[in-house]
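Engineer: any chance you can model this:
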Amino acid sequence: MRAIQITEFGGPEVLAEVELPDPVAGPGELLVEVSRAGLNYADTHQAENSYLAKMQLPMVPGGEVAGRTPDGRRVVALTDSGGYAQKAVVSEATAFDLPDGVDDLTALSMVVQGATAWLLLRRSTHLEPGESVVVHAAAGGVGSIAVQLAKKWGAGRVIATASSEEKRRLALELGADVAVDSTAEDMTGALREANGGRRVDIVLDMTGGRVTDQSVAALAPFGRLAFYGMASRERPTPVDPGALLTHSTAIAGMWLPHAFKLPGRVVHRAMAELFELVGAGELRAVAGGEYGLSEVRRAHEDLRSRRTTGKLVLDPSR
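Structural biologist: Just a heads-up that it's a prediction; the model follows:
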């Protein structure tokens, strides 16, 4: 089969198209003929071995696939690696059967970005009706879904941030009440101004560095910031517990693999609700672009440069 393999860690240049033996499914696993694989910002961290889970070489990157099993089931699934290929082996526990009418792009948008947005709002920040919600990178994969979910679940004001006029316009089309330039020098002031001069209740942040620091400073009493990525590759200032006490604020981290360890099949409940909303026309995926295997380096360059919007996918047939 054709696949993308990494034999040394680094930037997009380490992604090489190769021929590899077909993988073989073991007990509790499924072999999937991949029709589309998801492309995520986290994949760029995998390639340079700077992600939360350390990787072993050689490696086929890619953590999500959509396709068919040998017995004809159409599934979307998460996997530790192996997604950038024509065939992949996935765990039964992280595979979800696809309802009729849900295309590959939408399925891949929901299995990582949708589930992440669901968990951030439902579990990490416990959104209450009427609260203000800031969604950083609102035109991205998680952000574009989080804007829609926050609005549907009763947020009083959804404040989107994005780096370009085009991305801010998209966030407004998805339901944001106001869109803020993510390059604003004073993000604390910009967020308060966007919220009518008031501090904000919830911030969903995957940027890191200055943006995180200034977002924490914008939180209202009992405000919550959920941190789920570090796209800037800049670490925020260490949190002083005393400062949290002073303002009665909370900071949470969220990494999707941990959710599979929760009791009650939480991720499966999230996926069922997300697919139901998609089927009812109340939630949509934003197509961000499709790349062939031979274009994977360009895909990673686009991700790293923050030029993309919505969900990016890889077509292993080309």
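
Engineer: show me what contacts residue 81?
Structural biologist: 46, 55, 59-63 (CB atoms under 8 Å, 6 or more residues apart in numbering). C-betas here are computed from N, CA, C, even on glycine.

Engineer: my bad, residue 251
Structural biologist: So residue 251 contacts 216, 224-227, 239, 244 (CB under 8 Å, 6+ apart).

Engineer: thinking again about what came up before, got the contacts of residue 81 as JSON lines, with secondary structure and pLDDT columns?
Structural biologist: Formatted as JSON lines, the contacts of residue 81 follow (DSSP: H, G, I helix; E, B strand; the rest coil; pLDDT from 0 to 100):
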{"residue": "46", "secondary structure": "helix", "pLDDT": "89"}
{"residue": "55", "secondary structure": "coil", "pLDDT": "84"}
{"residue": "59", "secondary structure": "strand", "pLDDT": "95"}
{"residue": "60", "secondary structure": "coil", "pLDDT": "97"}
{"residue": "61", "secondary structure": "coil", "pLDDT": "95"}
{"residue": "62", "secondary structure": "coil", "pLDDT": "95"}
{"residue": "63", "secondary structure": "coil", "pLDDT": "94"}
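
Engineer: would you mark the buried spots in the lengthiest strand in the chain?
Structural biologist: Longest strand of the chain, by residue count under DSSP state E: strand 29-39. For strand 29-39, burial by neighbour count (16 or more other CB atoms under 10 Å) applies to 29-32, 34-39.

Engineer: tell me which other helices or strands it touches.
Structural biologist: Judged by 3 or more CB pairs under 8 Å, 6 or more residues apart in numbering; DSSP states H and E, the packing partners of strand 29-39 are strand 64-68, strand 74-78, strand 87-91, helix 104-108, helix 296-304, strand 311-315.

Engineer: the strands in the stretch 101-250 of the chain, which residues?
Structural biologist: 132-135, 157-162, 178-181, 200-205, 219-227, 250-253 (DSSP state E, counting those that start in this stretch).

Engineer: other SSEs contacting the fourth one?
Structural biologist: Here strand 200-205 touches strand 132-135, helix 141-152, helix 187-194, helix 209-217, strand 219-227, going by 3+ CB pairs under 8 Å, 6+ apart.

Engineer: try it again with 6 Å
Structural biologist: strand 132-135, helix 209-217, strand 219-227 (3 or more CB pairs under 6 Å, 6 or more residues apart in numbering; DSSP states H and E).

Engineer: just checking: what are the partner strands of it?
Structural biologist: Paired strands of strand 200-205, with direction, are strand 132-135 (parallel), strand 219-227 (parallel) (DSSP bridges).

Engineer: find me the pLDDT at the residue nearest the centre of the chain, would you?
Structural biologist: Centrality entry for the chain: nearest residue to the mean C-alpha point is residue 113, 3.6 Å, by CA atoms, centre = their mean. Looking at residue 113, its pLDDT is 94.

Engineer: repeat for the one 5 residues further on
Structural biologist: pLDDT for residue 118: 98.

Engineer: nearest residue to it in space, please, no chain neighbours.
Structural biologist: Among residues not flanking residue 118 along the chain, residue 270 sits closest, at 4.2 Å (CB to CB, 6 or more residues apart in numbering).

Engineer: count of neighbours near the one you found?
Structural biologist: Burial of residue 270 is recorded as 21 neighbouring residues (other CB atoms under 10 Å).

Engineer: from what I see, it and residue 116 are in contact.
Structural biologist: No: look at residue 270 against residue 116 with CB atoms under 6 Å: they stay out of range, at 9.2 Å.

Engineer: which parts of stretch 179-193 are buried?
Structural biologist: Neighbour counts over stretch 179-193 (16+ other CB under 10 Å) mark 179-180, 182, 184, 187-188, 190-192 as buried.

Engineer: distance between the ends of it?
Structural biologist: By CA to CA, to the nearest Å, the extent of stretch 179-193 from end to end equals 11 Å.

Engineer: stretch 274-286 now?
Structural biologist: 14 Å.

Engineer: buried residues, that stretch. List them.
Structural biologist: 274-275, 277-278, 283, 285-286.

Engineer: and the residue nearest to residue 130 when sequence neighbours are not counted, what is it in contact with?
Structural biologist: Closest residue in space to residue 130, ignoring its immediate chain neighbours: residue 156 at 4.1 Å, by CB to CB, 6+ apart. Taking CB atoms under 6 Å, 6 or more residues apart in numbering as the criterion, residue 156 is in contact with 130-132.
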